[in-house]
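Chemist: what would the 3D arrangement of this be:
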Amino acid sequence: MTEPTTHLTTGPVTESPTGPTTHPPTGPTTGPVTESPTGPTIHPPTGPPTEPVPEPPARPATEEAVDDRTADQTADQTPDQTTGQAPGQTPGKERLRRWRLVLGGDPADGTGHALGGRDAAMDGALTALYGKEDASRAGRDRTAGLGASAPAVARWLGDIRTYFPSSVVQVMQRDAIDRLGLATLLLEPEMLEAVEADVHLVSTLLSLHKAMPETTKETARAVVRKVVEDLEKRLAPRTRAALTGALDRSARTGRPRHRDIDWNRTIAANLKHYLPEHRTVVPERLVGYGRASRSVRKEIVLCVDQSGSMAASVVYASVFGAVLASMRSIDTRLVVFDTSVVDLTDRLDDPVDVLFGTQLGGGTDINRALAYCQSRITRPADTVVVLISDLYEGGIRDEMLKRVAAMKAAGVRFVTLLALSDEGAPAYDREHAAALAALDAPAFACTPDLFPEVMAAAIEGRPLPIPDAGR
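Modeler: Here you go, the predicted model:
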């Protein structure tokens, strides 16, 4: 005889010698359990299905890039090392917390999650920067924002350095300058001492230095020097090593030491001495690498566009120029230009002086700059000219191309970089880039880490290591 049906809201049921055993619940409520001669049977749930938590809408791309990182990298308290969430937070609440920080607390954000303590302070710092523009677009009145008050901005700068990692602080500072027009506040020494120094801040200071009061200039130079010294520590050793090796390999000799023999060139030069019966080549003439002497062996000309869009490239070019100038076997010349041309070679012993000798902004006359560089070349076969520009030419296009063709015909190695920074390829004149590529001078964006390899290849006469994205 079948037992009556029993409805349970418990965990799984197992058989034991004494009969069915009911365990505590381990998950969602199950359906009815029926006893039959063949054992207990668990039926599907009869209640309504659990509704999934809807995904909050995405934040505009202009703000998501910053806030997604800050939401992922910060927590109300120190996060657990294995789960990545704040202590006492369930995964669902932690997820809502992060979305709440990303979305900014708009009534329509859909999270319904309130913030407190450190999270509320973080949210206030984000709202002061990213909430103001949203409010104006929506037509709502908001009191958030940094305004033009130096004390308020100084407090905000201190807050973001407390709550966010350095990489995020730099992004937020740059956004504050661009979105809220705070560049003029950098003219105050107290403000400069509060900011996180990076390449983009240096670019901003260079664009403002003509308007700086004397009381600010020394502080600004200290900020720029700190960034430049950090870049030199990172870039100089690799640059010197790469170029020293390239200079050694570019110096050919017919009497190399064994470790300096270039076996590929030696075999190619002695193929006529191949002995078929012995299946070997008799190397009557050895080809190898010499050793770069202390005398100047190569000349490098850095021709840098100082228009406003090339600010970061100017910073890196100045640092690399100083590094190259410190190498005795390389004669380095640094030329910056807009519609006029300025030779800063005599300042290369101090890249900070070089940077404060530039004047960001203005038009562009590449033809005039190349004419100046061409007039300073004394040994074309041993010269590398590096043009760093977005190629928007305000001068005479055909004359510019003729100068490049003339330099290449004379033996100059010509390299065109659309940018020398970590920001990727900027907007550039594609027609001019195609014309230079037709002259075997392809234009591409180059990162600071790739630059030593590019220069080594140019010195040795090898194909340039052009990134795929720049083709």
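Chemist: what is the mean pLDDT for stretch 411-431?
Modeler: Stretch 411-431 carries an average pLDDT of 90.
Chemist: put the alpha carbons of it into PDB.
Modeler: Output in PDB follows, covering the C-alpha atoms of stretch 411-431 (Å, rounded to 0.1, in the frame of the first residue of the first chain):
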ATOM      1  CA  GLY A 411      72.300  57.800 -48.000                       C
ATOM      2  CA  VAL A 412      70.400  59.300 -45.000                       C
ATOM      3  CA  ARG A 413      68.200  56.800 -43.100                       C
ATOM      4  CA  PHE A 414      64.900  58.500 -42.700                       C
ATOM      5  CA  VAL A 415      62.400  57.400 -40.000                       C
ATOM      6  CA  THR A 416      58.900  58.900 -39.500                       C
ATOM      7  CA  LEU A 417      57.100  58.500 -36.200                       C
ATOM      8  CA  LEU A 418      53.500  59.600 -35.900                       C
ATOM      9  CA  ALA A 419      53.900  59.700 -32.100                       C
ATOM     10  CA  LEU A 420      56.500  58.800 -29.500                       C
ATOM     11  CA  SER A 421      54.300  58.000 -26.500                       C
ATOM     12  CA  ASP A 422      52.200  55.300 -24.900                       C
ATOM     13  CA  GLU A 423      48.900  56.700 -26.300                       C
ATOM     14  CA  GLY A 424      49.000  54.900 -29.700                       C
ATOM     15  CA  ALA A 425      48.600  56.500 -33.100                       C
ATOM     16  CA  PRO A 426      47.100  60.000 -33.000                       C
ATOM     17  CA  ALA A 427      44.900  61.600 -35.700                       C
ATOM     18  CA  TYR A 428      47.300  62.100 -38.600                       C
ATOM     19  CA  ASP A 429      47.400  63.100 -42.300                       C
ATOM     20  CA  ARG A 430      47.000  59.800 -44.100                       C
ATOM     21  CA  GLU A 431      47.700  61.200 -47.500                       C
END
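Chemist: buried ones in that stretch, by neighbour count?
Modeler: 412-421, 425-426, 428-429 (16 or more other CB atoms under 10 Å). For the C-beta atoms, the positions are set from N, CA and C on the backbone; glycine is no exception.
Chemist: closest to residue 298 out of the residues you listed?
Modeler: residue 413 (9.5 Å; CB to CB).
Chemist: dihedrals phi and psi, that closest one?
Modeler: Backbone torsions of residue 413, given as degrees, to the nearest 10, read phi -90, psi 120.
Chemist: show me where pLDDT drops low in the protein?
Modeler: For the chain, applying pLDDT under 70 flags the ranges 1-89, 105-111, 132-154, 180-185, 247-257, 259, 288-296, 469-471.
Chemist: 50 - rerun?
Modeler: The chain contains residues with pLDDT under 50 at 1-10, 13, 26-30, 33, 47-51, 53-85, 134-144, 148, 293-295, 470-471.
Chemist: any buried residues in stretch 439-449, and which?
Modeler: Residues 439, 441, 442, 443, 444, 445, 446, 448 are the ones in stretch 439-449 that count as buried (16+ other CB under 10 Å).
Chemist: TSV please, covering those residues and showing distance to residue 186.
Modeler: Converted to TSV, the buried residues of stretch 439-449 look like this (distance: CB to CB, whole Å):
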residue	distance to residue 186
439	42
441	38
442	38
443	33
444	33
445	28
446	29
448	24
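Chemist: among those residues, name the ones in strands.
Modeler: If you go by DSSP state E, the buried residues of stretch 439-449 have 443, 444, 445, 446 in strands.
Chemist: which SS state does the spatially closest residue to the last one that is not a sequence neighbour fall under?
Modeler: If I follow you right, that is residue 446. Distances taken as CB to CB, 6 or more residues apart in numbering put residue 417 closest to residue 446, at 4.8 Å, once the chain neighbours are dropped. At residue 417, secondary structure determined by DSSP: H, G, I helix; E, B strand; the rest coil is strand.
Chemist: residue contacts, the closest residue to residue 423 other than its chain neighbours?
Modeler: Closest residue to residue 423 apart from its sequence neighbours, by CB to CB, 6+ apart: residue 312 at 6.1 Å. With contact set as CB atoms under 8 Å, 6 or more residues apart in numbering, residue 312 has these partners: 199, 200, 203, 419, 420, 421, 422, 423.
Chemist: still on that earlier bit, tell me which of the buried residues of stretch 439-449 is nearest to residue 161?
Modeler: residue 448 (25.0 Å).
Chemist: you'd agree that closest one is up against residue 422?
Modeler: Yes: at 6.7 Å, residue 448 counts as touching residue 422 under the criterion of CB atoms under 8 Å.
Chemist: one step back: a markdown table for the contacts of residue 312, including distance to residue 178 and secondary structure?
Modeler: Putting these into a markdown table (distance: CB to CB, whole Å; DSSP: H, G, I helix; E, B strand; the rest coil) gives the following:
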| residue | distance to residue 178 | secondary structure |
| --- | --- | --- |
| 199 | 15 | helix |
| 200 | 10 | helix |
| 203 | 12 | helix |
| 419 | 18 | strand |
| 420 | 21 | strand |
| 421 | 16 | coil |
| 422 | 17 | coil |
| 423 | 14 | coil |
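Chemist: now render those as a markdown table, adding distance to residue 157.
Modeler: Output for the contacts of residue 312, formatted as a markdown table (distance: CB to CB, whole Å):
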| residue | distance to residue 157 |
| --- | --- |
| 199 | 18 |
| 200 | 15 |
| 203 | 18 |
| 419 | 28 |
| 420 | 29 |
| 421 | 24 |
| 422 | 23 |
| 423 | 23 |
